[in-house]
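>>> A predicted structure for the sequence below; I have some questions about it.
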Amino acid sequence: MQPTLLLLAAAAAGTAGTALAFTTNTPPLLTSLTPTRTSTTRLFGKSSDDNSSILKEGRLVEFTAGSGSGGNGNKLGAIVGKEGKRNLKILTSTGRTVSVPPRSIKHVVPNGRVDKSDITQIEQHESAAASALNDDMAVGGQNVMEMWELLLEEEDATNSIDLVTISELLLGDSSSVSCYATKALLTEGVASYCFKELGGKLADLPLYEPRQVHVVENMRSRAEIEAKEASKWDELKRRIDDVSSNDNMVLDIKGESEEVQIALQSLESLACLANLSPEEMQREEKAASDAITCAKQFLQNIGRRATPEMARTMLVSLGINGWNKHTNMDLIRLKIPTAFDQYLEDAATEIAMNPPPDLDEDLRMDLTHLPAFAIDDASTKEIDDALSVEILSADDDGPIHSRLRLWVHIADPSRYISLGSPLDKEARRRGTSIYLPTGTISMFPMSLASGILSLNPGEVTCALSVGMMLDDSGGIDEATPPIITPSLVKTTRLTYDQVDLLLDPFCMVDNEGGSSGVCESVENAIDMSIETAVESLRQLQYISEQRLQWRMDGGSSESISSYELPDMTVKATQSADAIDGWEIDVYAKNVFAANRIVTECALAANEAMALYGMTHGIPLPFRGQEMDEVSDDEINMTPAGPCRSWLAIQKSRPSQISTNPLPHAGLGLD
């Protein structure tokens with residue numbers, strides 16, 4: 001065994017003024033340590049319960065770092081004065097002065113007094129402690145363990161021993177620098193498990209008790225396991241740092257342990273909380289507590305802050321699961337699939353190539369004779385609804401509403417998708433198509449959604465159609481129940497802009513009284529005359545105006561403000577030439593007749609279906625919303641226009657979904 005030097009205080013060896021040395025293979029020179037033992041030794045003389053007599057200017061103390069100094073653990077500093085009635089001003093080695101309550105003082109360094117503004121003396125103590133810990137690490141804590149063994153050999157080994165005596169035994173003197181370094185060895189060193197620190201008052205010298213052999217052995221085993229565990233995480237931290245700082249390196253996740261692989265995957269659960277409010281974050285943490293706890297512990301193990309933003313940063317820097325700074329965290333948090341499994345794509349291809357028989361063929365109402373307008377943005381690929389007006393009588397007698405039936409046609413996927421099939425189950429699991437600035441996440445593979453399931457223009461397609469008659473106030477006529485039927489329709493595709501232009505009388509003719517260029521641009525998209533299209537669209541406009549007025553009479557948000565806020569559209573397109581690889585387009589579009597037609601007709605169809613479900617006992621999801629009362633004075637005091645529209649929005653409460661019918665105050669529906 002390599003000899004290890006242990007300095008024994010001259011006083012302990014019975015020799016005054018000289019520190020003796022011996023090696024581990026030399027018999028100890030000590031015959032008794034009893035003279036240096038103490039049960040209670042006063043650091044500052046007579047005991048006092050008042051710490052004010054101890055915590056005086058110039059005293060060197062350890063204090064809890066959380067009290068305003070930043071960081072964690074204990075810090076060393078010198079008392080330089082008071083702040084307020086109780087707090088102490090403490091100077092640290094950084095030259096910073098912090099305010100610390102007396103209860104945060106954990107240790108008074110024996111013999112430790114420094115000049116009020118001399119940080120070099122504080123630095124000397126910290127440097128001595130750091131050096132002692134480094135030397136202790138180099139010899140594996142052997143010096144402390146040898147001293148512990150010697151103390152255990154004493155007959156009264158169960159007695160405690162004070163810090164000053166230990167400092168003399170271990171480092172050869174009892175100066176404040178040595179006492180502070182000794183305390184570091186006993187509390188932070190490799191063999192810190194050999195001694196138990198006994199609590200006491202600040203006025204008392206810190207006391208330590210050598211632990212019994214079996215206790216030390218157990219603690220040593222635990223310490224070795226913990227050290228091995230720490231080494232494992234340190235090595236992983238190094239690999240992660242290397243990958244994060246080098247774009248050409250990747251982390252071999254499959255080469256990591258199962259524990260690490262699980263932890264890396266759990267980072268997603270924590271990262272997805274980064275853009276949530278504190279209340280939402282708390283709810284999500286409860287829902288995914290195990291994964292989030294795992295992620296936080298992992299980040300702590302590798303010396304990172306256990307925060308959602310740190311988890312996101314790590315996922316991006318390591319490229320785990322394809323993460324980048326543009327990853328949509330809400331899709332991941334809500335577990336929304338962005339692609340279809342191959343077997344579903346194959347099933348969709350098979351259906352498109354070999355359509356199954358139409359089980360509702362005998363029930364489908366042929367409505368192909370009615371102009372059916374599919375009104376949407378030009379970029380829309382899934383055409384899932386269309387609108388028609390059926391003229392029931394050419395007789396001009398009687399109100400116009402009694403001669404018109406509104407039809408809303410909805411794409412019918414049940415024509416091709418069998419109940420209980422894999423595609424049906426997947427669509428039910430998704431619940432809806434999701435429209436994002438980056439694109440659409442469809443309920444069905446796009447080969448179907450924009451193919452045979454879509455109400456493609458110029459083709460005879462299958463739909464579920466809702467036919468409604470309105471009463472003289474604009475509500476659904478109770479005397480004429482809505483018709484809900486499978487159907488065949490043939491649609492005409494128009495954009496919102498095209499409909500608005502067709503309904504604008506100033507755009508219908510040019511300066512010479514002939515057809516305008518606007519109409520000519522629409523002719524290629526329709527299989528009817530412009531006059532027929534315009535007449536049908538004006539009938540739809542009339543119905544939408546009647547419906548809007550009926551809802552306003554019912555107290556809808558439009559009754560507070562008829563001004564319609566612009567429809568904001570955000571599009572994100574990947575582009576190699578754009579900043580960060582994405583080109584962003586943001587534009588506002590004013591709401592005109594076309595938008596109102598689509599909105600009001602869709603609301604009427606939903607109301608008709610709700611009434612049908614209630615009448616026939618069919619369970620349906622109902623969306624409801626309450627609104628706070630708005631006084632006439634409050635409305636009049638708010639400027640008309642956008643401000644008043646925002647007032648209506650602010651008065652609207654969050655919507656609710658239930659299997660029981662609910663009123664929707666925002667829409668003016670009972």
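Noted; the coordinates are in hand.

>>> for the strand or helix carrying residue 295, what is the distance to the chain centroid?
Per DSSP states H and E: residue 295 is located in helix 289-301. On the basis of C-alpha atoms, centre = their mean, to the nearest Å, helix 289-301 is displaced by 14 Å from the centre of the chain it belongs to.

>>> from the contact counts, what lies against that helix?
Applying 3 or more C-beta pairs under 8 Å, 6 or more residues apart in numbering; DSSP states H and E, we find helix 289-301 packed against helix 258-271, helix 308-318. (Each C-beta comes from the backbone N, C-alpha and C, glycine too.)

>>> mind checking which of these is nearest residue 365?
Of all those, it is helix 258-271 that lies closest to residue 365, at 48.9 Å by C-beta to C-beta.

>>> can you point out the buried residues in the closest one?
260, 263-271 (16 or more other C-beta atoms under 10 Å).

>>> next structured bit after it?
Using DSSP H and E, the helix or strand that follows helix 258-271 in sequence is helix 278-287.

>>> who's in contact with that next one?
Outside helix 278-287, the residues within contact range by C-beta atoms under 8 Å, 6 or more residues apart in numbering are 272-273, 276, 292, 308, 333.

>>> closest to residue 139 out of these?
Checking the contacts of helix 278-287 one by one against residue 139 (C-beta to C-beta), the nearest turns out to be residue 292, at 41.9 Å.

>>> residue 585 belongs to a strand?
Yes - using DSSP: H, G, I helix; E, B strand; the rest coil, the assignment for residue 585 is a strand.

>>> and it, how many neighbours?
10 (other C-beta atoms under 10 Å).

>>> partners of it in the sheet?
Beta-bridge partners for residue 585, by DSSP bridges, are residue 571.

>>> pick out the residue nearest the middle of this structure.
The centre of the chain sits closest to residue 273, judged by C-alpha atoms, centre = their mean, with a distance of 1.2 Å.

>>> mind listing what it touches?
Residue 273 neighbours (C-beta under 8 Å, 6+ apart): 280-281, 284-285, 292, 308, 333.

>>> just the buried residues of those residues.
By neighbour count, with 16+ other C-beta under 10 Å, the contacts of residue 273 hold 281, 284-285, 292, 308, 333 as buried.

>>> if I look at residue 632, how far off is residue 357?
With distances taken as C-beta to C-beta, to the nearest Å, residue 632 is found 61 Å from residue 357.

>>> hang on, I meant residue 125
90 Å.

>>> more neighbours, those two?
residue 125 (26 against 7).

>>> ok, and what's touching the helix holding residue 295?
Contacts of helix 289-301 with the rest of the structure, by C-beta under 8 Å, 6+ apart, involve 233, 236, 260, 262-264, 266-267, 269-271, 273, 284-285, 305-307, 310-311, 314.

>>> ok, and for that helix, which residues are buried?
Neighbour-count burial for helix 289-301, counted by 16+ other C-beta under 10 Å, picks out 291-292, 294-296, 298-299, 301.

>>> next: stretch 325-342.
Quick answer for stretch 325-342 (16+ other C-beta under 10 Å): 327, 329, 331-333, 340.

>>> and what of stretch 171-190?
Under 16+ other C-beta under 10 Å, the buried positions of stretch 171-190 are 171-172, 174-186, 189-190.

>>> mind saving the C-alpha coords of it as PDB?
Provided in PDB are the C-alpha atoms of stretch 171-190 (Å, rounded to 0.1, in the frame of the first residue of the first chain):
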ATOM      1  CA  LEU A 171      -4.300  19.300   9.200                       C
ATOM      2  CA  GLY A 172      -1.900  20.100  12.000                       C
ATOM      3  CA  ASP A 173      -3.400  23.400  13.200                       C
ATOM      4  CA  SER A 174      -6.600  25.000  14.300                       C
ATOM      5  CA  SER A 175      -6.600  28.200  12.300                       C
ATOM      6  CA  SER A 176      -9.800  29.400  10.800                       C
ATOM      7  CA  VAL A 177      -8.600  28.400   7.300                       C
ATOM      8  CA  SER A 178      -7.800  24.800   8.500                       C
ATOM      9  CA  CYS A 179     -11.100  24.600  10.500                       C
ATOM     10  CA  TYR A 180     -13.000  25.600   7.400                       C
ATOM     11  CA  ALA A 181     -11.100  23.100   5.200                       C
ATOM     12  CA  THR A 182     -11.600  20.400   7.800                       C
ATOM     13  CA  LYS A 183     -15.400  21.000   7.900                       C
ATOM     14  CA  ALA A 184     -15.500  20.600   4.100                       C
ATOM     15  CA  LEU A 185     -13.700  17.200   4.400                       C
ATOM     16  CA  LEU A 186     -16.100  16.000   7.000                       C
ATOM     17  CA  THR A 187     -19.300  17.100   5.200                       C
ATOM     18  CA  GLU A 188     -18.400  16.900   1.500                       C
ATOM     19  CA  GLY A 189     -15.300  14.700   1.300                       C
ATOM     20  CA  VAL A 190     -15.000  11.200   0.000                       C
END
